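>>> Can you look at this prediction? I've put the sequence above it.
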There are 4 protein chains.
Amino acid sequence: MIRIFVTGGTFDKEYNELTGTLSFKDTHLPEMLRLGRCRVEVTIRTLMMIDSLDMTEADRAIIVAQCRQASESQVLVTHGTDTMVDTARALAGDAGLGGKTIVLTGAMVPYAFGSSDGLFNLGSALSFVQVLPPGVYLAMNGRAFTWNEVAKNRETGVFEGQ
Amino acid sequence: MIRIFVTGGTFDKEYNELTGTLSFKDTHLPEMLRLGRCRVEVTIRTLMMIDSLDMTEADRAIIVAQCRQASESQVLVTHGTDTMVDTARALAGDAGLGGKTIVLTGAMVPYAFGSSDGLFNLGSALSFVQVLPPGVYLAMNGRAFTWNEVAKNRETGVFEGQ
Amino acid sequence: MIRIFVTGGTFDKEYNELTGTLSFKDTHLPEMLRLGRCRVEVTIRTLMMIDSLDMTEADRAIIVAQCRQASESQVLVTHGTDTMVDTARALAGDAGLGGKTIVLTGAMVPYAFGSSDGLFNLGSALSFVQVLPPGVYLAMNGRAFTWNEVAKNRETGVFEGQ
Amino acid sequence: MIRIFVTGGTFDKEYNELTGTLSFKDTHLPEMLRLGRCRVEVTIRTLMMIDSLDMTEADRAIIVAQCRQASESQVLVTHGTDTMVDTARALAGDAGLGGKTIVLTGAMVPYAFGSSDGLFNLGSALSFVQVLPPGVYLAMNGRAFTWNEVAKNRETGVFEGQ
């Protein structure tokens, strides 16, 4: 059984055709898991629906607390890519999470758009979380990175080992 | 470095608009890896482009030989779902593959169609192959199965543990 | 008010993931009109769901009778491309249709697949039927053809004036 | 032969994955015509690539001048929906356009996104421009409106007759 926490990010952004802007409505996670014919047992909970640039320390504290309280030992967090590393650090700094495998993932292009990397990343993150040993990881670009060995290259949009 | 062998299957089927039938042209793997913003180093080689129901023992022998000869220790094989288990068994029966992690994956719906599970499965298989210990596995429905503990349920199209 | 008669054809074919074949379920017309934000008043009726190569003279008689009985003077018929011209001829041969504008359209690639021409053709046919004078027409490849001045080039899949 | 002038608008907006914003690159018109298997002869020229809310009177003067100078008597203009009516009015006010059929169209959702009305609208506009008498029209929501008998309802995003 895997716990999935949704926090928003590019992953779940949609085009609002009345305002011509990008915004959040509901998460696309259930639809994406259906598309992937996923048969892993998951419980999805939306913690927030925000751009990760707008994420405060209080928001991060909520994510950390929810991961700590989750009864599952495998936890996937969908998150905006811009501050994904910061949230991973906050999670890694919490002693109460010791025995859990926590994987953060996101997308460079919203799932609702044609050319999204979201479905690939979700398949990747769901797989890594089932087999990696306890710890906090980022799953992006087909790779898994330990939380303190990765940074997003803002020029290229690619996550790179440090 | 991961080796990817393409053998065809639903994954790579396309709609031929002149004949109104499904057939094979080139593999979609490079395009799918681009869409997934995949930065894992891979080498792709197309071994055949066939429906797995048409796969002969000679075809399977080619796949086994290629997996044995590959210098990479992580190998991903795209394959039709109908006889994926048979090819996995052939691979597992080859003593020369002992030290390699081989993951087979496929799709229930062609990648070229709107509602394909292909991108999800590719993200999943690429992740499993990087972290699972040596052995032969199937990656479908978000899960990894050891080759001798899985069967495709033909009523539901779902791979199930045995 | 426009009457739309659905007869099947490539337009409405779907991929059956259990059998790996193309088949019919329900028509995609309502979904396509919603996607096109269409605000023209239409009434949709499915007459049959068949490949136009399987269409018999009895099937054509049903289409002709339904077009004759329709109270609307603008009628759109979705149809497989292979025998679209034959059905157009049957319609043109019916004296009772004199005052109506009837437009047949279809698709080279199923709407459910990524690269379909279906939405373009539907927008085209719906527009032509509103402004063309009474008669029987085919709307394909962005053009409208009078029923007796067109043939499908089976080498290229393109409808050409004769 | 139809002349197509591209001015930008939602139609051609793309998601910039590095900045997370919507912006313009190249027009999608050629790709859309290819998808629609369009065989109408067209000449495409990009006049500007802007949001129609940013369109100035000088920009409108360019569009009017280009429509006047075009040798084709059928002209299609892609345009943002917010000020499409304003540009139509500017075109209608130019005496030199008297003999031409000019149709403006656009989209509520960018073509590059999954759920766009763009392909439907393009099929519709291309069809209307071939058969409507000289004048200036808007093609949206499956309908053609004379320039002075339409307004965009900003609450619903729908173009309505006045």
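On my side now, so go ahead.

>>> element containing A:Val103, please.
Using DSSP states H and E, the element containing A:Val103 is strand A:101-105.

>>> now what about that strand, what contacts it?
Applying C-beta atoms under 8 Å, 6 or more residues apart in numbering or on different chains, the external contacts of strand A:101-105 come out as A:67, A:73-79, A:84, A:87-88, A:91, A:121-122, A:124-125, A:128-129, A:132-140, A:144. (Each C-beta comes from the backbone N, C-alpha and C, glycine too.)

>>> Mind listing what's buried along it?
Neighbour counts using 16 or more other C-beta atoms under 10 Å in any protein chain shown place A:101-105 of strand A:101-105 among the buried residues.

>>> now swap in stretch A:129-136 and tell me
Those would be A:129-132, A:135-136, for stretch A:129-136 by 16+ other C-beta under 10 Å.

>>> now it: mean pLDDT?
Stretch A:129-136 comes out with an average pLDDT of 98.

>>> so how far is that stretch from its chain's centroid?
14 Å (C-alpha atoms, centre = their mean, to the nearest Å).

>>> can you tell if the strand ranked longest in chain A touches chain D?
In chain A, with assignment by DSSP state E, the single longest strand is strand A:42-50. No - remark: strand A:42-50 sits outside contact range of chain D, by C-beta under 8 Å from any C-beta of the partner chain, the gap being at least 12.9 Å.

>>> Am I right that A:Val75 is in a helix?
No - counting by DSSP: H, G, I helix; E, B strand; the rest coil, one finds A:Val75 to be strand, located in no helix.

>>> so who does the spatially closest residue to A:Gly99 that is not a sequence neighbour touch?
In space, and not counting its chain neighbours, A:Gly99 is closest to A:Pro134: 5.3 Å by C-beta to C-beta, 6 or more residues apart in numbering or on different chains. By C-beta under 8 Å, 6+ apart, the residues touching A:Pro134 are A:73, A:98-101.

>>> Kindly report the same for A:Phe11.
Contacts of A:Phe11 by C-beta under 8 Å, 6+ apart are A:28, A:78-80, A:106-107, A:110-111, A:118.

>>> re the thing from before, tell me the mean pLDDT for the strand holding A:Val103?
The average pLDDT within strand A:101-105 is 98.

>>> Now the element after that strand, going C-ward?
Defined by DSSP H and E, the subsequent element after strand A:101-105 is helix A:118-131.

>>> Compute the inter-axis angle for that following helix and strand B:101-105.
Counting by axes from the mean of the first three to the mean of the last three C-alpha atoms, to 10 degrees, helix A:118-131 lies at 140 degrees to strand B:101-105.

>>> where does chain A dip in pLDDT?
Regions of chain A meeting the criterion pLDDT under 70 are absent.

>>> Give me every residue in it lying close to chain B.
Within chain A, the positions near chain B by C-beta under 8 Å from any C-beta are A:32-33, A:35-40, A:108, A:115-117, A:119-128, A:130-132, A:139-144, A:157-159.

>>> quick one: the residue positioned nearest the centre of chain A and C:Asn16, what's the gap?
Nearest residue to the geometric centre of chain A (C-alpha atoms, centre = their mean): A:Thr78, 2.1 Å. Distance, A:Thr78 to C:Asn16, using C-beta to C-beta, to the nearest Å: 32 Å.

>>> just A:Val42 next, same as before
27 Å.

>>> likewise A:Arg89?
A:Arg89 is 48 Å from C:Asn16, by C-beta to C-beta.

>>> Can you name the residues of chain A that neighbour chain D?
Residues of chain A lying near chain D (C-beta under 8 Å from any C-beta): A:10, A:15, A:17-18, A:20-22, A:51, A:82, A:108-110, A:112-115, A:154-157.

>>> 10 Å instead?
Contact residues, chain A versus chain D (C-beta under 10 Å from any C-beta of the partner chain): A:9-10, A:13-22, A:51-53, A:80-82, A:107-117, A:154-157.

>>> Could you give me the buried positions within stretch A:102-120?
By neighbour count with 16+ other C-beta under 10 Å, stretch A:102-120 contains the buried residues A:102-114, A:116-120.

>>> who's in contact with A:Phe159?
Shown in contact with A:Phe159 (C-beta atoms under 10 Å, 6 or more residues apart in numbering or on different chains): A:81, A:84-85, A:106, A:108, A:138-141, A:143, A:145, A:150-153, B:37, B:39.

>>> A:Leu76 now?
By C-beta under 10 Å, 6+ apart, the contact set of A:Leu76 is A:2-6, A:29, A:42, A:44, A:101-105, A:122, A:125-126, A:128-130, A:139.

>>> any idea what sits nearest A:Arg143, other than its immediate chain neighbours?
B:Val40 (5.8 Å).

>>> Would you check how far apart that neighbour and B:Leu33 are?
B:Val40 is 8 Å from B:Leu33, by C-beta to C-beta.

>>> Which one of these two is surrounded by more residues?
Taking other C-beta atoms under 10 Å in any protein chain shown, B:Val40 and B:Leu33 do not tie; B:Leu33 has more neighbours (21 against 18).

>>> In three-state terms, label that one for me.
helix.

>>> List the contacts of it.
Counted by C-beta under 10 Å, 6+ apart, B:Leu33 has contacts A:120, A:142, B:4, B:39-40, B:42, B:44, B:119, B:122-123, B:126.

>>> ok, now which ones touch A:His28?
Neighbour list for A:His28: A:6, A:11-14, A:35, A:78, A:107, A:110-112, A:116, A:118-119, A:122 [criterion: C-beta under 10 Å, 6+ apart].
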